[in-house]
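# Kindly generate the corresponding structure for this input.
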Amino acid sequence: MASSASLSIPLPARTVHLRGGGAWLLLCAVVAMAGCGAGTTRTMQPTSASLSLAGGDASIDTNCTGCNATDGRGSAVYRFSAATEDGSPAKVMWTVAGGDAKAGAGNIDAEGRYTPPGFLTADRAEVTVTARMVESPSVTASTTITVTPGFLEPLTPENVTLGPGGTITLTGRLSVAGGNSGIRFALAGSASGAAGGMGTLSPVDCERTQAAFTTCTVTYAAPAVIDAPAVSYVVAHAGKASTEMAILLNPAGVASNPVAHREALNMPMALGASGGNNGDLDANGNSVADCCGGTLGALVEDANGKRYLLSNNHVLARSDHAAAGDAIVQPGLIDNNCTPNGDGPGTTPVATLSSWLPLKSAQTNADAAIAQVSSPRVVDGAGAILELGARKADGTLMSAPPGVSSTNGKGETARLSMQVAKSGRTTGLTCGAVSAVDLDVAVDYFEDCAETRHYLTKVFTHQMAVSGDRFSDAGDSGALVVDATNAEPVGLFFAGGVDTAGVVQGVATPAPEVLSELGATSGTGYSFVGGADHAVSCLSFGDSTMAAAQHEPLSTVETARAQQALTLARAVVNPREGVLGVAAGKSSDRAGEAAVVVYVDEAVMPSVPAMVGGVRTVVIPTTARALAAGNAAVVNHLGDTLTAMALTRAMDVKQQAARSLMEKNPAMFGVGVGQSLDNPREAALVVYVDKNHLPAQLPQTIDGVRVRYVVMDRLHVTRSYTTAAPVRHCAPAVTDETDLRPRLNLN
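All right, here's what the predicted structure looks like:
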């Protein structure tokens, strides 16, 4: 590399992958990064009236805020098009010029998809985009786009828990070295940036040099008095780009910062921390292009007493592409500037890869791998997991082993609505609820960290889903999911994403299934290492699913449907039979869809059909007095009210319908069984649908069972990915790296 290889550079963050921590050096020569630039376009007069350019009035930044298209990998780009005088598409050659003095102008492909430089060394850069007609090279048209810096990564940390008077310093980074750009921080009452928010912010401190990206920090202080748990937000703005982080305020004084899970730990280490395969990187010759990392989840032992670290195949075994004996390091390369052990300091080898469940095999049904612990001195012998224990005097949480006394280390079977916890590399200790069981889900795996080479699509069956605000993020793959009431293992977390309501949807393989399959593969039994059952200090940011659905406006068509169905529904009102009244409302099982609200006597609980006049029903138990006084609830609350008969019936329907639904409509990438949000006394098929390919029609019921839809991007395996600072490493080049992060083809 050039002499500037000693300078440091932070890396552009993808929307679903976290950036690695540490000091990043800025280089003059940088391989094109997958971010998008920002700014405004000004159409210039073409050199000939027979050619014109179109692309819209752009305003984009280095995070691609405002970009208008995506490339073949799903990365945001700004798409230009050229037309002849009569408006027909013109066949042209595209070029870019100008740009940043060091980062350049970015690049544009043959289809007119422009990707700006990944960083700047000034507050703005002018890039000229030119189209030249293939048949008449003298005919050209140009436009200029102004590129400005954007956020490189989510705020650090992304989530935190604080008690009264607690403080936390937040860090944001801009992709500009030098210049005068900065970040503005503001308190908010919601993730959308709505006014409000509790606590105070200090003045912003920004560090700007020519050798590193601009870093801005601010200190948040929690209120001195917190009456009840609440979530406050800090929103950071730079130009038109923004990002936010959540602070869970709690009167108990619990203080939890997930940043500690990414750091190099003292030995013997606790689990729930950053880790991965020492070869978990993509190489270009002797240069490391990028790397991945996940979570070292739990400690297990075989029948002979040998101890192993448990995590996912895609974390430890690089999605089938590793070799037995590979070194497993802590922290993962993602948190060590993509520098492998032996090529530089910062990581500790803690285990050697022993075996894994091959993803390519049709006989396996879990994404799991184990690595034999290299020495009793490197891993806590009791199997302690970060923050799984009791609160200390300063509010922080002790490490503690999972509970194994109830199941003799074999794991517990999860049930719907069970409160569960996980301790992972990225979001630390968080809690959510089991939202679906018996889940079939399709997952895409790739052969590289950047997900440019598809490996396979695997359908997992009988999985469990967990939902909750801020429950997980990229890098939490491999975390152990435990019952929050007793810390017994219930699942191995491996994939997740965020739905259109802003709620995290995660997927885990049931813990007993993981142990059983590992045992069948190696010929010996395995058990979780742990201690006595104990409660977990459940840190839950809540679940916004129903609130978001009720906030979703109804179209004119949906409003009219509700009114028509309401006329029919009034005919069934009969207080003596327990039907107290009806009203027009909204469905929570399908956001944006009208519903008829049916108020029923909570002492009678009459049966109510799933639909009236082709419109969903929302069944709300109440009393005649509450209804008359206008105090009846407008939405339901989930609880353990689902009968075993209803659950069994839904599972039978799911077994018959799931594969057919997923095969006939690829937009549906997962089907499980959960509770209906419109009537929690009834089970529902929970169907995960690709938000980018929503079918025109989605059935409200299947064989008489309600259907609840989770709309989101396809799930991805929750391994964290980062582009490496472009410094030369001494690690051997890897030409067929297969550090695969599966993307669930289910949600």
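# how much space is there between Ala628 and Thr622?
Per C-beta to C-beta, to the nearest Å, Ala628 is found 10 Å from Thr622. No exception for glycine: its C-beta is placed from N, CA and C like everyone else's.
# Which one of those two is surrounded by more residues?
Legend: neighbour count by other C-beta atoms under 10 Å for Ala628 and Thr622, higher for Thr622 (16 against 11).
# Next up, the contacts around Ala667.
Val689, Asp690, His693, Leu694, Pro695 (C-beta atoms under 8 Å, 6 or more residues apart in numbering).
# Quick check: phi and psi on the nearest residue to the second one once chain neighbours are set aside?
To tie it back to what came earlier, the one meant is Asp690. Leaving aside its chain neighbours, Asp690 sits nearest to Ala667 (4.5 Å; criterion: C-beta to C-beta, 6 or more residues apart in numbering). Ala667 has phi and psi values of phi -70, psi -20 when expressed as degrees, to the nearest 10.
# May I have the secondary structure class of the closest residue to Val615 other than its chain neighbours?
Distance criterion C-beta to C-beta, 6+ apart; nearest residue to Val615, sequence neighbours excluded, is Ala565 at 3.7 Å. Here Ala565 is recorded as helix under DSSP: H, G, I helix; E, B strand; the rest coil.
# Cross-check the contact I'm expecting between Ala565 and Val598.
No - the pair Ala565 / Val598 is not scored as a contact, 10.8 Å apart, by C-beta atoms under 8 Å.
# Give the intersection of the neighbour lists for these two.
The contact sets of Ala565 and Val598 overlap at Val612 (C-beta under 8 Å, 6+ apart).
# biggest helix in the chain, by residue count?
helix 644-664 (DSSP state H).
# Go through that helix and flag the buried ones.
By neighbour count with 16 or more other C-beta atoms under 10 Å, helix 644-664 contains the buried residues Ala646, Leu647, Arg649, Ala650, Met651, Val653, Lys654, Ala657, Ala658, Leu661, Met662.
# What is the burial count for Gly346?
With other C-beta under 10 Å as criterion, Gly346 counts 16.
# what's the spacing between it and Ile334?
Distance from Gly346 to Ile334, by C-beta to C-beta: 11 Å.
# next one: Asp326
16 Å.
# Over to Leu316?
Distance from Leu316 to Ile334, by C-beta to C-beta: 14 Å.
# in this structure, which helix or strand is least confident?
Ranked by mean pLDDT, DSSP states H and E, the weakest helix or strand in the chain is strand 743-744, scoring a mean of 35.
# So which of Leu316 and Ile334 has more stuff around it?
Counted by other C-beta under 10 Å, Leu316 and Ile334 do not tie: Ile334 has more neighbours, with 34 against 30.
# Check the secondary structure at the more buried one for me.
Secondary structure, three-state DSSP: Ile334 is helix.
# wait, isn't Ser406 in contact with Pro489?
No - applying C-beta under 8 Å, one finds Ser406 not in contact with Pro489, separated by 10.5 Å.
# which ones are touching the closest residue to Ala487 other than its chain neighbours?
Nearest non-adjacent residue to Ala487, counting by C-beta to C-beta, 6+ apart: Gly403, 3.8 Å away. Neighbouring residues of Gly403 by C-beta under 8 Å, 6+ apart: Val482, Asp483, Asn486, Ala487, Glu488, Gly530, Gly531, Ala532, Asp533, His534.
# When you filter the residues you listed down to buried only, what's left?
Val482, Asp483, Asn486, Ala487, Glu488, Gly530, Asp533, His534.
# Okay, and the residue nearest to the last one when sequence neighbours are not counted sits in which element?
It refers to His534. Setting aside the residues directly before and after it, His534 is nearest to Ala487 in space (C-beta to C-beta, 6+ apart), at 5.3 Å. Following DSSP states H and E, there is no helix or strand that holds Ala487.
# What confidence value was assigned to Ala487?
Looking at Ala487, its pLDDT reads 98.
# do you know how far it is from Gly409?
Distance of Ala487 to Gly409, computed by C-beta to C-beta: 12 Å.
# which residues do those two both contact?
Going by C-beta under 8 Å, 6+ apart, residues that sit against Ala487 and also against Gly409 are Gly530.
# picking up where we left off before, with neighbour numbers in mind, choose between Ser406 and Pro489.
Pro489 (29 against 15).
# And stretch 427-445, what's buried?
Buried residues in stretch 427-445 (16+ other C-beta under 10 Å): 427-445.
# Check stretch 621-641 too.
So for stretch 621-641, counting by 16+ other C-beta under 10 Å, buried means Pro621, Thr622, Leu627, Ala632, Val635, Asn636, Leu638, Thr641.
# now do stretch 211-225
By neighbour count on 16+ other C-beta under 10 Å, the buried set for stretch 211-225 is Ala212, Phe213, Thr214, Thr215, Cys216, Thr217, Val218, Tyr220, Ala222, Pro223.
# bridging residues for the fifth one?
So the one you mean is Cys216. Assessed by DSSP bridges, Cys216 has beta-bridge partners Gly172, Cys206.
# pretty sure it is touching Val176, no?
No - checked against C-beta under 8 Å, the pair Cys216 and Val176 is beyond contact range at 11.1 Å.
# that older thread, let's see which of the buried residues of stretch 621-641 end up in strands.
Pro621, Thr622 (DSSP state E).
# Mind picking the two most distant members of the buried residues of stretch 621-641?
Farthest-apart pair in the buried residues of stretch 621-641 is Leu627 and Leu638; separation 21.6 Å (C-beta to C-beta).
# Do a quick rundown of the strands in the stretch 501-650 of the chain.
504-510, 526-528, 579-586, 594-601, 611-612, 615-622 (DSSP state E, counting those that start in this stretch).
# Give me the nearest residue to Glu244, chain neighbours excluded.
Closest to Glu244 by C-beta to C-beta, 6+ apart is Val235, at 4.4 Å.
# count of neighbours near the one you found?
20.
# ditto for Gly395
By other C-beta under 10 Å, the burial measure for Gly395, its neighbour count, is 18.
# Repeat that for Ser59.
Around Ser59 there are 17 residues (other C-beta under 10 Å).
# secondary structure element for it?
Assigned by DSSP H and E, Ser59 belongs to no helix or strand.
# now the helices: where do they sit in the stretch 601-747 of the chain?
Taking DSSP state H, counting those that start in this stretch to define them, one finds helices in the stretch 601-747 of the chain at 624-628, 644-664.
# same deal with the stretch 201-350 of the chain?
313-316.
# Give me the nearest residue to Thr567, chain neighbours excluded.
Nearest non-adjacent residue to Thr567, counting by C-beta to C-beta, 6+ apart: Gly613, 7.9 Å away.
# Can you pull the phi and psi angles for that neighbour?
Torsion angles, degrees, to the nearest 10, at Gly613: phi 60, psi 30.
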